[in-house]
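A.B. asks: This is a predicted model, with the sequence first.
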Amino acid sequence: MWADTQRSRFGPARSGTGGLRTVRRVEGDRVTVDVVVHEGGAATAWARRGRPGDRLAVTHQNSWFTRPDGVGWQVLLVDTTGLPAAARIAEEAPAGMRTIVVAEVPSTADEQELAGAEVTWVHNRQVVHGGSRLERLARELVLPEGPGYVYVAGEAAATRAVRTYLRRELRLPAESYGVIGYWRRDAVAWAERVARSDVDLGELWRRSEAEAADGQEALDLYEERLGGVGLL
């Protein structure tokens, strides 16, 4: 099991300004954590000032990667923020499983070794500003035959568009894909809108989850309600 960014208590992944952090590898009592540094994040500030000897505590862990048993392949479509997770998924894939990675990164300097995976690097300097091409890349993918799993992680608006494509156009079963919005290009403005509103995000999610047949339908309802109150 691997742990990625913290799950929001409201259900969907939190798309905030904290700085993205992913457990990359656990070896005995040594934990390697990758942090994607960007302006305005608490984790970013910690990563910049951290020094050997600083004490850390694990307060929460979970995994958004829920690949079902019995699949023969996995496709990992990520931007830079999802790259550490993709690397660990590829590294820990069961023997014989085909792993295809499409990673959108600013430049060749951001490329990494992804053991055991078929990797396509897409260079896009605008991805760090939210100018993601993930939806286009998803539409260009040719999924392998047979049962498999698609995992998508990146900027919230881009991943939302990919999820709509997988769900509404390809009509993939809900258990055959997972789509995570790791960050928002408008995170500061969005947080300010939330702070000014009187919307109970937790209640919106609980209602959506209670009315839905599965997690993907719950996300549909939740996002519809967020859009209705100007918080999507």
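C.D. replies: That came through fine.

A.B. asks: Give me the secondary structure label for residue 163.
C.D. replies: The local conformation at residue 163, judged by DSSP: H, G, I helix; E, B strand; the rest coil, is helix.

A.B. asks: surely it meets residue 217?
C.D. replies: No: the pair residue 163 / residue 217 is not scored as a contact, 11.6 Å apart, by Cβ atoms under 8 Å. Heads up, the C-betas are built off the backbone N, CA and C, glycines and all.

A.B. asks: okay, those two: which has more neighbours?
C.D. replies: Legend: neighbour count by other Cβ atoms under 10 Å for residue 163 and residue 217, higher for residue 163 (24 against 15).

A.B. asks: Ramachandran angles for residue 179?
C.D. replies: Per-residue torsions, residue 179: phi -130, psi 120 (degrees, to the nearest 10).

A.B. asks: Just give the closest residue to it, not the sequence neighbours.
C.D. replies: What sits nearest to residue 179 in space, not counting adjacent residues and going by Cβ to Cβ, 6 or more residues apart in numbering, is residue 163, at 4.0 Å.

A.B. asks: What residue, apart from its backbone neighbours, is nearest residue 216 spatially?
C.D. replies: residue 174 (4.2 Å).

A.B. asks: measure that neighbour to residue 149 for me?
C.D. replies: As judged by Cβ to Cβ, to the nearest Å, residue 174 and residue 149 stand 12 Å apart.

A.B. asks: Please apply the same query to residue 54.
C.D. replies: From residue 54 to residue 149 the distance is 37 Å (Cβ to Cβ).

A.B. asks: who has more neighbours, those two?
C.D. replies: Shown here are residue 54 and residue 149; by other Cβ under 10 Å, residue 149 has more neighbours (21 against 8).

A.B. asks: got the contact list for that one?
C.D. replies: Contacts for residue 149 (Cβ atoms under 8 Å, 6 or more residues apart in numbering) come out as 67, 68, 71, 73, 74, 75, 176, 177, 178.
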